[in-house]
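>>> Sequence and predicted structure are below.
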Amino acid sequence: MIDFELTEEQRALIDTARRFAKERIIPIAAECDEKAHFPMEVFKDAWNLGLVNPTLPSEYGGAGLSDVDGTLITEELAYGCAGIQTSMTCNTLGFTPIKLAGSDEQKKKYLGWLSSEPIMVSYATSEPGAGSDVAGLQTRATKDGNGGYVLNGTKQWITNANYASFYVIFATVDPAQRHKGIGAFIVHRDQPGIRVGKHENKLGQRASDTAAITLEDVKIPEAQVLAQPGHGFKLAMETFNQTRPDIGALAIGIMRRCLDECVAYAKERKTFGTPIGNHQMVQAMLAEMAIRIEATSLLVRKAAWNLDKGIRNPVVSSYAKAYGADSAMATAIDAVQVFGGYGYTKEYPVEKLMRDAKLLQIYEGTSQVQRMVIAKHLLA
């Protein structure tokens, strides 16, 4: 029987995350966005509350929460600020390949590290010439004869690159082999040959650190080889399958914030002698926002539920990601429209919500790539 009722534990989890967003994130969100600054003290406090790494398995010191639980947390944090939330929940993206493919020793070492200290891990597939086309990456992995590899290349658009203690980096033994040549490697931030670039000056989600990583003859011992060449591409795709519902949850948070801001404003702002909420065109926009929130919520919950039940159906994650991202952008644009001229200024938060929403259509596979995945599924 399908059941949409939240458990008592989930309600408590939502309350904790919602209160944290209200008290710790919303008051500083505008300043962090303006200065492109990530508040590490907020990350550490969230880690102490269990809002970071929620789905990290309990056998390695994590909370062991479900994927549905994880999306509930993401939604509440994104309501406060999508940029801060993205950096706070990026660890899930970073540790998922290790959770999926790591040896017992790797899981104990790296997942245990994440559970014992408030540190960050970054995930690195994207490159200057290979974003959504993961199979086209150029970073080279050359076998060293001792079971390890030497990495050379550049990774681009890496979340938390300047803060991470280690990275999961995907590289290929031969670009001509495309997906068949890709492997995955765990790289420590302090290893010789690692250089992290400047913080990118972005349109939105400015509080989240994004930078390039350059690798010059970085020696990777056998103990840090996560997936041998030929197995990395599949690992990258399965990682995205498991983390894309979180992007949908992020979209819900942005949309809920848009709707709440618009409803409050529509009740106060008057034109033609009446609150703008009495105008049918404004009402239509508010109604569409509510519909998008509800529809995205259902898609996200189903995708996360599938993961919790061990049902492998990646197309559902693509549904949630594609629809959620596009809905968030449409909702944020409508929110600016409801506010009119004021919405175009930094005096109100909706212009930031619009800038933050745009990235959802780009990272972890663009909205166009999601449609390619869905169409391929339909035509298979």
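Arrived safely.

>>> Surely Cys262 is in contact with Val338?
Yes. Counting by Cβ atoms under 8 Å, Cys262 does reach Val338; the two are 4.5 Å apart. C-beta: built from backbone N, CA, C; applies to glycine.

>>> joint contacts of those two?
Shared contacts of Cys262 and Val338, defined by Cβ atoms under 8 Å, 6 or more residues apart in numbering, comprise 285-286, 350.

>>> buried ones in the helix or strand encompassing Ala236?
Secondary structure from DSSP states H and E places Ala236 in helix 232-268. If you call a residue buried by 16 or more other Cβ atoms under 10 Å, then helix 232-268 has these buried ones: 232-233, 235-259, 261-262, 265-266.

>>> Check stretch 327-344 too.
For stretch 327-344, the neighbour count (16+ other Cβ under 10 Å) marks 327-339, 343 as buried.

>>> Could you do stretch 172-180 as well?
By 16+ other Cβ under 10 Å, the buried positions in stretch 172-180 come out as 172-173, 175, 179.

>>> can you tell me which of those residues are in strands?
Per DSSP state E, strands hold the following members of those: Thr172.

>>> Kindly reformat the buried residues of stretch 172-180 as TSV containing pLDDT and distance to Asn48.
As requested, the buried residues of stretch 172-180 are arranged in TSV below (pLDDT from 0 to 100; distance: Cβ to Cβ, whole Å):
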residue	pLDDT	distance to Asn48
Thr172	98	39
Val173	97	42
Pro175	95	43
His179	95	40
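
>>> Setting aside sequence-adjacent positions, which residue approaches Ser122 most closely?
Leaving out its chain neighbours, the residue that sits closest to Ser122 by Cβ to Cβ, 6 or more residues apart in numbering is Ala164, at 4.0 Å.

>>> The one you found against Gly94, yeah?
Yes. In this structure, Ala164 is within contact of Gly94 by Cβ under 8 Å, at 7.4 Å.

>>> Quickly list what's touching both of the two.
Common neighbours of Ala164 and Gly94 (Cβ under 8 Å, 6+ apart) are 120-122.

>>> Tell me which helix or strand the closest residue to Lys180 other than its chain neighbours sits in.
Leaving aside its chain neighbours, Lys180 sits nearest to Gly230 (5.6 Å; criterion: Cβ to Cβ, 6+ apart). Using DSSP H and E, Gly230 maps to neither a helix nor a strand.

>>> which stretches of the protein form strands?
Counting by DSSP E, the strands of the chain are 121-124, 140-143, 149-159, 166-172, 182-188, 194-196, 210-220, 225-227, 270-271, 274-275.

>>> can you redo these as JSON lines with distance to Phe4?
Output for the strands of the chain, formatted as JSON lines (distance: least, Cβ to Cβ, whole Å):
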{"stretch": "strand 121-124", "distance to Phe4": "31"}
{"stretch": "strand 140-143", "distance to Phe4": "46"}
{"stretch": "strand 149-159", "distance to Phe4": "32"}
{"stretch": "strand 166-172", "distance to Phe4": "34"}
{"stretch": "strand 182-188", "distance to Phe4": "37"}
{"stretch": "strand 194-196", "distance to Phe4": "43"}
{"stretch": "strand 210-220", "distance to Phe4": "36"}
{"stretch": "strand 225-227", "distance to Phe4": "37"}
{"stretch": "strand 270-271", "distance to Phe4": "38"}
{"stretch": "strand 274-275", "distance to Phe4": "33"}
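
>>> quick one: which of the ones you listed is nearest Gly80?
Ranking the strands of the chain by proximity to Gly80 (Cβ to Cβ) places strand 149-159 first, at 17.5 Å.

>>> The closest one pairs with which strands?
Strand pairing for strand 149-159, using DSSP bridges, gives strand 140-143 (antiparallel), strand 210-220 (antiparallel).

>>> Extract the CA atoms of that strand and return them as PDB.
C-alpha atoms of strand 149-159 as PDB (Å, rounded to 0.1, in the frame of the first residue of the first chain):
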ATOM      1  CA  TYR A 149      48.600   5.400 -11.300                       C
ATOM      2  CA  VAL A 150      49.900   8.900 -12.100                       C
ATOM      3  CA  LEU A 151      47.200  11.500 -12.800                       C
ATOM      4  CA  ASN A 152      47.600  14.600 -15.100                       C
ATOM      5  CA  GLY A 153      44.800  17.000 -16.200                       C
ATOM      6  CA  THR A 154      42.400  19.600 -15.100                       C
ATOM      7  CA  LYS A 155      39.000  19.300 -13.400                       C
ATOM      8  CA  GLN A 156      36.600  22.200 -13.700                       C
ATOM      9  CA  TRP A 157      33.500  23.500 -11.700                       C
ATOM     10  CA  ILE A 158      34.400  21.400  -8.600                       C
ATOM     11  CA  THR A 159      32.200  22.200  -5.600                       C
END
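
>>> For that strand, give the mean pLDDT please.
Averaged over strand 149-159, pLDDT sits at 98.

>>> what about Lys358, neighbour count?
By other Cβ atoms under 10 Å, 17 other residues sit near Lys358.
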